[in-house]
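**Q** when you get a sec, could you give me coordinates for this:
(chains A and B)
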There are 2 protein chains.
Amino acid sequence: MKVAVVKNILEANQRIAAENRQAFDERGLLVINLMSSPGAGKTTLLEKTIQLLKGEWKVGVVEGDIQSTYDAERIGKTGAPVVQINTGGACHLDSNMVREALKTLELGNLNLLFIENVGNLVCPAEFQLGEHFKAMILSVAEGDDKPLKYPLMFQESRVLLINKIDLLPFCDCNVNLMEERARAINPSLQIFRVSCRTGEGLEGWISWLRGEMNKQGRS
Amino acid sequence: MKVAVVKNILEANQRIAAENRQAFDERGLLVINLMSSPGAGKTTLLEKTIQLLKGEWKVGVVEGDIQSTYDAERIGKTGAPVVQINTGGACHLDSNMVREALKTLELGNLNLLFIENVGNLVCPAEFQLGEHFKAMILSVAEGDDKPLKYPLMFQESRVLLINKIDLLPFCDCNVNLMEERARAINPSLQIFRVSCRTGEGLEGWISWLRGEMNKQGRS
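**A** Modelled structure (predicted):
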């Protein structure tokens, strides 16, 4: 008797991620895997980003949640094409879930696709989905010690959006120390301080995104 | 050839949890598994709770983090006995990690033990550690939609501490709606609105804890 064993669940995930990536590249689509703790502001960032890019690029969203379609409904109101993945308990998206979700999106009509991961500062960082890069959000309300305690996500991300800076006067958060700790893990991290609620700082993020699109000849 | 398979990883976890529970009960120790998103205020709640119970009960803490001893050092400053578990990547504690950690605590000297789980609103809810009950913290900065999106944790918890209520004037959080959504999942949830930063509302939590200790004849 022979027992076949998938040695590494991450290897299997990686294979499908490469196929997703190829599908994105064939259509000239930039894809960003967006991660954070629950309630750090992922969906609000997407709402604002879609608004700010309106008439310029066609943005689509894959929404990942354990259950509910609450976030997909919020995105739907912006007019952007959106598909909801319910993981049914799993604390992160994997490449196969994304592959299934892509079947319901007209990828050829999009320039930019965000995949909003399940709110979790741990496991989503371990699973490639086929994205071009990972972006993460950290809210100042979470405290300046988070890079010390959840380093992998900071290491894997190309962009860190420090959100809710409008709350800084009311939190015990040293935002300079937060940045310093994040850069100690990942010196090339692109950091933006923003408030998705007030709009403060979002122009930096948007102009950086434009640069990324231009660089890759997508716009 | 026979292949032995652990059918259910949760079953194996459950067995060790029962052994932990027995060790707690033999010593008349009340044990609470404390869970939340990253940065919702678990360690600050413990610092305040230990202060408020000083001279009354002997409180110990098991700190769970992926890496670092930052939280254990904070607890150590209160004078409470503390042991740090580093999960080395795992996004939740399991009963075996707790069993190992208990070897370094003098359980017989304690009345109350908190196990601070890894910051994560998903997987910690699935793993029994041997605790008498689970308590969770939700910060108002995370938003009132969290019960809809992470229902298992609300279902499994006996207590919900809604923290950072000092931030309510500055957040788009409807705290009544947050409570209503939590109670829709778990009608018997004991809810306290607190600010661990200012101390507001903590007397309700402490007096409820006293009641639990009395009920079980532990004080």
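**Q** contacts and neighbour counts: CA atoms only from here.
**A** Will do.
**Q** chain B contacts on chain A?
**A** By the rule C-alpha under 8 Å from any C-alpha of the partner chain, the part of chain A lying against chain B is A:1, A:37-40, A:65-68, A:89-91, A:119-123, A:141-143, A:146, A:148-150, A:167, A:170.
**Q** which ones among the residues you listed lie within helices?
**A** Members of the residues of chain A next to chain B lying in helices (criterion: DSSP state H): A:146, A:148-149.
**Q** so which of those residues comes closest to chain B?
**A** Chain B has its nearest neighbour among those in residue A:149, at 5.8 Å by C-alpha to the nearest C-alpha.
**Q** how deep is the closest one tucked in, by neighbour count?
**A** 20 (other C-alpha atoms under 10 Å in any protein chain shown).
**Q** where's it relative to residue A:142, distance?
**A** Residue A:149 sits 12 Å away from residue A:142, going by C-alpha to C-alpha, to the nearest Å.
**Q** cool, and residue A:197?
**A** In terms of C-alpha to C-alpha, residue A:197 sits 16 Å off from residue A:142.
**Q** between the two, which has more neighbouring residues?
**A** Using other C-alpha under 10 Å as the criterion, residue A:197 and residue A:142 rank with residue A:142 on top: 24 against 16.
**Q** which ones are touching the nearest residue to that one once chain neighbours are set aside?
**A** The shortest distance from residue A:142 to any residue other than its chain neighbours is 3.9 Å, reached at residue B:39 (C-alpha to C-alpha, 6 or more residues apart in numbering or on different chains). Residue B:39 sits next to A:141-143, A:146, B:119 when contact means C-alpha atoms under 8 Å, 6 or more residues apart in numbering or on different chains.
**Q** go on, residue A:167?
**A** Residue A:167 neighbours (C-alpha under 8 Å, 6+ apart): A:140-141, B:167, B:170.
**Q** from the residues you listed, keep the buried residues only.
**A** Neighbour counting with 16 or more other C-alpha atoms under 10 Å in any protein chain shown marks A:140-141, B:167 as buried within those.
**Q** and those residues, which is closest to residue B:113?
**A** residue A:141 (26.8 Å; C-alpha to C-alpha).
**Q** hang on, that closest one packs against residue B:141?
**A** Yes - between residue A:141 and residue B:141 a contact is recorded at 6.7 Å, counting by C-alpha atoms under 8 Å.
**Q** low-confidence ranges, chain A, go.
**A** Applying pLDDT under 70 to chain A picks out residues A:1-7, A:217-219.
**Q** what about the helices in it?
**A** Under DSSP H, chain A gives helices at A:9-26, A:42-52, A:70-76, A:95-102, A:146-149, A:151-156, A:175-185, A:202-215.
**Q** to residue B:32, which of those lies closest?
**A** Between the helices of chain A, helix A:146-149 lies closest to residue B:32; by C-alpha to C-alpha that is 21.9 Å.
**Q** name the helices or strands packed onto that closest one?
**A** Secondary-structure packing of helix A:146-149 (3 or more C-alpha pairs under 8 Å, 6 or more residues apart in numbering or on different chains; DSSP states H and E): helix A:175-185.
**Q** can I get the helix it packs on in PDB? Just the C-alpha atoms.
**A** Extracted C-alpha coordinates of helix A:175-185, given in PDB (Å, rounded to 0.1, in the frame of the first residue of the first chain):
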ATOM      1  CA  VAL A 175       3.800  56.500  15.500                       C
ATOM      2  CA  ASN A 176       7.500  57.300  14.900                       C
ATOM      3  CA  LEU A 177       8.500  54.300  17.000                       C
ATOM      4  CA  MET A 178       5.900  52.200  15.200                       C
ATOM      5  CA  GLU A 179       7.500  53.100  11.800                       C
ATOM      6  CA  GLU A 180      11.000  52.500  13.200                       C
ATOM      7  CA  ARG A 181      10.000  49.000  14.400                       C
ATOM      8  CA  ALA A 182       8.400  48.200  11.100                       C
ATOM      9  CA  ARG A 183      11.500  49.400   9.100                       C
ATOM     10  CA  ALA A 184      13.800  47.400  11.400                       C
ATOM     11  CA  ILE A 185      12.000  44.300  10.100                       C
END
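**Q** tell me which other helices or strands that helix touches.
**A** Right, helix A:175-185 is packed against helix A:146-149, helix A:151-156 by 3+ C-alpha pairs under 8 Å, 6+ apart.
**Q** which ones among the residues of chain A next to chain B map onto strands?
**A** residue A:65 (DSSP state E).
**Q** buried among the residues of chain A next to chain B? Make that a ChimeraX selection.
**A** To isolate the buried subset of these in ChimeraX, counting by 16+ other C-alpha under 10 Å, use the following:
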select /A:37,38,39,40,65,66,67,68,91,119,120,121,122,123,141,142,143,146,148,149,150,167
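**Q** circling back: need the ones in helices among the residues of chain A next to chain B in TSV with distance to residue A:182, can you?
**A** Output for those, formatted as TSV (distance: C-alpha to C-alpha, whole Å):
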residue	distance to residue A:182
A:146	9
A:148	8
A:149	11
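**Q** which of the residues you listed lies closest to residue A:9?
**A** Nearest member of these to residue A:9, counting by C-alpha to C-alpha, is residue A:149, at 24.7 Å.
**Q** surely the closest one touches residue B:67?
**A** Yes - if you go by C-alpha under 8 Å, residue A:149 and residue B:67 touch, sitting 5.8 Å apart.
**Q** residues contacting the residue nearest the centre of chain A?
**A** In chain A, the centroid-proximal residue (C-alpha atoms, centre = their mean) is residue A:34; its distance is 0.6 Å. By C-alpha under 8 Å, 6+ apart, residue A:34 lies in contact with A:42, A:114-117, A:134-137.
**Q** for residue A:93, give its distance to chain B.
**A** 13 Å (C-alpha to the nearest C-alpha, to the nearest Å).
**Q** residue A:83 now?
**A** From residue A:83 to chain B the distance is 16 Å (C-alpha to the nearest C-alpha).
**Q** and residue A:191, how many residues sit next to it?
**A** Count around residue A:191 with other C-alpha under 10 Å applied: 19.
**Q** ugh, wrong one, I meant residue A:26
**A** Neighbour tally, residue A:26, other C-alpha under 10 Å: 10.
**Q** what lies in contact with stretch A:175-186?
**A** Under C-alpha under 8 Å, 6+ apart, the answer for stretch A:175-186 is A:140, A:143-148, A:151, A:154-155, A:189, A:191.
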